[in-house]
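Undergrad: structure of the sequence below:
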Amino acid sequence: MKVVLLAHTPTPEQTVAAAARLCYSDTDVEALRESISQEKAEQFVEMLAGFGHESPVEHVTFTFGIEGVSRSFLAQVTRHRIASFSVQSQRYVRQDHFVFVTPPAIAADPELLKAYESAMQQSIDSYNQLADALAAKYVPEFLAQGCSEKAARTKAEKKAIEDARYVLPNACETKMILTMNVRSLRNFFRLRCCNRAQWEIRAVATEMLRLCCEVSPALFRTAGPSCYCGGCTEGKMSCGKAKEVREKFEVIHGETK
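TA: Below you'll find the model as predicted:
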């Protein structure tokens, strides 16, 4: 998988500090923002976190490019609804030799891997068989409607892969651009950096957090699974490895909280 930080709100700490201070100031917006140094902004962000005042951080967004992930990952990440997603379409992009994601537990077992790859190949074969048969069926229909042969084949191909994609597995690779504001990201990291999250979304979330910490350590100082800066909230479902998890995220945060 590949995770890239494509863009983010410029001077994120100052933006948050200005938004928060505006609530209690009669100063005009531009002057207010310009009066806040980076050091003061970071101090203000830390103070806001202590108050639990989170709405100002919603004004800062981060945009990521994510590749090499499965449609299973897509189903999980889109449950985080305060976000924007642009995802490669299976309606418009033919998947005749799709790349698939293999879970580590399967990849580590030669016998399971063989069965898994066989299942993937069957999906590819079925997809191509259905897409070709449906396209052949639709071409005459579009020709009868007065389309040129080139246009008929293009339209038939698109209509065919719309239905053929139903046999594609959750393992099928996809790519997306994802944008979240800081408040949503903090919630995302709390839930998906946790050891109980599935391996794939946990890996993506952890890399996203690392990239966020490089740009704005103050805004993400306490970001991570609940056990990083407090106690585990998973109850009886806890992984029981809070110490190891904290050590891992201390490294990501550069050992600063």
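
Undergrad: need the strands for the stretch 101-250 of the chain, in chain order.
TA: 173-181 (DSSP state E, counting those that start in this stretch).

Undergrad: helices of that one, start to end?
TA: 104-107, 110-144, 149-164, 182-192, 199-215, 242-252 (DSSP state H, counting those that start in this stretch).

Undergrad: who's in contact with the shortest one?
TA: By Cβ atoms under 8 Å, 6 or more residues apart in numbering, the residues outside helix 104-107 that reach it are 112-113, 116, 199. Yep, even glycine has a C-beta here, placed from its N, CA and C like the rest.

Undergrad: hang on, Ala7 packs against Gly65?
TA: No - taking contacts as Cβ atoms under 8 Å, Ala7 lies outside contact range of Gly65: 9.6 Å.

Undergrad: look at those two and report which has more neighbours.
TA: Here Ala7 and Gly65 are set side by side on neighbour count (other Cβ atoms under 10 Å), and the busier one is Gly65, at 15 against 12.

Undergrad: measure the more buried one to Thr222 for me?
TA: 26 Å (Cβ to Cβ, to the nearest Å).

Undergrad: now swap in Asn195 and tell me
TA: From Asn195 across to Thr222, the span is 18 Å (Cβ to Cβ).

Undergrad: who touches Val45 in this structure?
TA: Contacts for Val45 (Cβ under 8 Å, 6+ apart) come out as 13, 16-17, 57, 218-219.

Undergrad: scratch that, Ile66
TA: 1-4, 175-178, 204.

Undergrad: tabulate these (CSV), appending distance to Ala131.
TA: Conversion of the contacts of Ile66 to CSV gives the following (distance: Cβ to Cβ, whole Å):
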residue, distance to Ala131
Met1, 27
Lys2, 28
Val3, 31
Val4, 31
Lys175, 21
Met176, 23
Ile177, 26
Leu178, 29
Val204, 30
